[in-house]
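Asks: Here is a sequence together with a model predicted from it:
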Amino acid sequence: MELRLFNTLTKEKEAFAPLDPARGVRMYVCGPTVYDFAHIGNARPVIVFDVLYRLLRHLYGEDKVKYVRNITDVDDKINARAAEEYPDLPLNEAIRLVTEKTEKQFHEDVDALGCLRPDVEPRATEHIGEMRELIERLVKAGFAYVEQDHVLFEVGKMSDYGKLARRSLDEMEAGARVEVAPYKRNPMDFVLWKPSKPNEPGWPSPSGIKTPGRPGWHIECSAMSWKHLGETFDIHGGGIDLVFPHHENEIAQSRCAFHSPVMAKTWMHNGFLQVEGEKMSKSLGNFITIRELLDTGKFGNKSWEGQTVRLAMLKTHYRQPLDWTVKRLWEAEDQIVNWSLRYDDIVEPLNNPRLKLISKGPHPEIVDALLDDLNTHLAVSVLGQLAREASSNQETLPTFLSSADLLGLMPLRPANLDYENAARRDLLDRARPLVEARNAARANKDWKESDRIRDELKAMGVVIKDNKDGTTDLEIAR
Ligand code: AMP
Ligand code: ZN
């Protein structure tokens, strides 16, 4: 089977092949704006594109995939947070402290979710020179203009502006606010560069503007993808909310600056995540960070393992909307516990060289599921079957482990799961059908069978007590 990916540009699932096989696969994903803890919605693209990264490395080789995810460290929210947290420090120093701290937290969080680090994580502030150069090219080529110390991209100059989002310029203009900024020729024109206000970070401006300024948001991704992947590359990803205007504008900037028909060949977008059926927002009080899930018990009165969070995310296909619920997390945890319970000796086989030798990589059904536009829902259910199979045939264990690894679900025995409780639940689950069989035997007055089952339960460590009202209590013998 070949890799097929849904491309937002064409609205079709397409066969994927690298543009330049010699250079390998080049992928860019829009990363976090670093001013606060990342929320569980932000975790979705990180996990989704980590699965894609793992799959591409499996298909093309580890040194034939380059994954770039930027860090946005120029943003109004960062400035505000810096001023609030460190009012006595010079702004630049305060911004540095906020962004460094947040970047570290982000890494800790997504590491815990089993995500590999991208090959490059460029910061916007380290690419201001590239942004200026792109802007100057756009002005020279007539796609952008300078007005009141701003530089604006003139959308009317690009014949197929709106192609990604499938919106026509006329429609967009009709919907635009009446109050248009005085420096814009057209309401849809967007900012490439703007003057810095007092108390904002600033850099030397492009295109002959004398006062210091700062980049607009979209230009950073055009600059950083150019620097690290080239003018044209294979895959560009992010959440569905980024299609318009962010990705539409990235395309406009890059294609017009390089006079190229293509920026990225395949555009991929994950669906949105909501919480217990509602849009996540601070005002609704259902805003939830990755850190809170992992550490605080704020969601479901329990701290969840990173793997549980990851599995819970992968149970839904990446393009579907996803409802983040406590129930979903419990289901994922039960599944992981169940897999691990079957392999109490999971660590042993991992160290067993004979088993390592017979591992031929992940199971083809798991690979096939992922080849089909990352069908993680199917891959996870196949993984469950492999777990069952491996419990009766240890020879298949390495295939199971290697399949779990392809999905980033290793190691399988995290420290903090409530194994004791889970083991009890598992034991009682297995005991219940036996109790029913025993009740049936008693109803038939088959005392021999009823005693046999009682002994079987006892051997499993389950003691039963018959109540006067005909019910039976189960207890786990200590
Ligand atoms: P932001 O920091 O808001 O720019 O978001 C960083 C990444 O997270 C982008 O790819 C967004 O599309 C994505 N994202 C933000 N909120 C959600 C959500 N609720 N569900 C899924 N993805 C989201
Ligand atoms: Zn971006």
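Replies: Yep, it's here. Remember, predicted model here, so these are calculated numbers, not experimental data. Ligands and ions are numbered 1, 2, ... in the order given.

Asks: mind listing the strands for the stretch 51-200 of the chain?
Replies: For the stretch 51-200 of the chain, strands defined by DSSP state E, counting those that start in this stretch occupy the ranges 65-69, 144-147, 150-153, 190-195.

Asks: Partner strands of the last one, with direction?
Replies: Right, strand 190-195. According to DSSP bridges, the neighbouring strands of strand 190-195, each with its direction, are strand 150-153 (antiparallel), strand 213-215 (antiparallel).

Asks: any residue of the last one up close to ligand 2?
Replies: No - no part of strand 213-215 sits near ligand 2 under the criterion C-beta under 5 Å from the ion; the closest distance found is 12.2 Å. C-beta coordinates here come from the backbone N, C-alpha and C atoms, glycine included.

Asks: quick one: whichever helix or strand comes after that strand to strand 190-195, angle?
Replies: Helices and strands here follow DSSP states H and E; after strand 213-215, the next one along the chain is helix 218-229. With axes from the mean of the first three to the mean of the last three C-alpha atoms, to 10 degrees as the basis, helix 218-229 and strand 190-195 are set at 100 degrees to each other.

Asks: What helices and strands are in contact with the helix or strand following helix 218-229?
Replies: The helix or strand immediately downstream of helix 218-229 is strand 233-239, counting by DSSP H and E. In terms of contacts (3 or more C-beta pairs under 8 Å, 6 or more residues apart in numbering; DSSP states H and E), strand 233-239 is packed against strand 25-29, helix 40-60, strand 264-270.

Asks: Now do the second one, average pLDDT.
Replies: The average pLDDT for helix 40-60 rounds to 97.

Asks: same thing with the last one?
Replies: Taken as a whole, strand 264-270 has a mean pLDDT of 98.

Asks: how far off strand 233-239 does that strand point, in degrees?
Replies: Angle of strand 264-270 versus strand 233-239, following the same axes, to 10 degrees, is 20 degrees.

Asks: got the CA positions of strand 264-270 in CSV?
Replies: In CSV, the C-alpha atoms belonging to strand 264-270 read as follows (Å, rounded to 0.1, in the frame of the first residue of the first chain):
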residue,chain,number,x,y,z
ALA,A,264,3.8,23.2,0.3
LYS,A,265,2.4,20.4,-1.8
THR,A,266,0.2,18.8,0.9
TRP,A,267,-1.7,20.8,3.5
MET,A,268,-3.0,18.9,6.5
HIS,A,269,-5.3,20.1,9.2
ASN,A,270,-6.4,18.5,12.4
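
Asks: Show me what the helix or strand following that strand is packed against.
Replies: Taking DSSP H and E as the definition, the helix or strand that follows strand 264-270 towards the C-terminus is strand 273-275. Under the contact criterion of 3+ C-beta pairs under 8 Å, 6+ apart, the helices and strands touching strand 273-275 comprise helix 40-60, strand 322-324.

Asks: State whether residue 456 and residue 434 are indeed in contact, as I suppose.
Replies: Yes - counting by C-beta atoms under 8 Å, residue 456 touches residue 434, with 6.3 Å between them.

Asks: When these two are compared, which one has more neighbours?
Replies: Neighbours were counted for residue 456 and for residue 434 using other C-beta atoms under 10 Å; residue 434 has more, 17 against 14.

Asks: any idea which element the more buried one lies in?
Replies: Using DSSP H and E, residue 434 sits in helix 419-443.

Asks: got the angle for the helix or strand just after that helix vs helix 419-443?
Replies: Elements were assigned by DSSP H and E; along the chain past helix 419-443, the next helix or strand is helix 447-460. In this structure, helix 447-460 runs at an angle of 170 degrees to helix 419-443, with the same axes, to 10 degrees as the basis.

Asks: Show the subsequent helix or strand relative to helix 447-460.
Replies: Following helix 447-460 in sequence, per DSSP H and E, is strand 462-466.

Asks: What strands line up against that next one, and which way round?
Replies: Strand 462-466 pairs in its sheet with strand 472-476 (antiparallel), by DSSP bridges.

Asks: With only the CA atoms kept, save the partner strand in CSV.
Replies: The C-alpha atoms that make up strand 472-476 are tabulated as CSV, following Å, rounded to 0.1, in the frame of the first residue of the first chain:
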residue,chain,number,x,y,z
THR,A,472,-23.7,-13.1,45.5
ASP,A,473,-20.9,-10.9,46.8
LEU,A,474,-17.4,-11.2,45.5
GLU,A,475,-14.3,-10.5,47.5
ILE,A,476,-10.7,-10.6,46.6
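
Asks: Quick one: low-confidence residue ranges for the stretch 51-200 of the chain.
Replies: Along the stretch 51-200 of the chain, the parts satisfying pLDDT under 70 run over 177-178.

Asks: all helices for it, in order.
Replies: Per DSSP state H, counting those that start in this stretch, the stretch 51-200 of the chain has helices spanning 76-85, 91-112, 128-140, 169-175. These are given in chain order.
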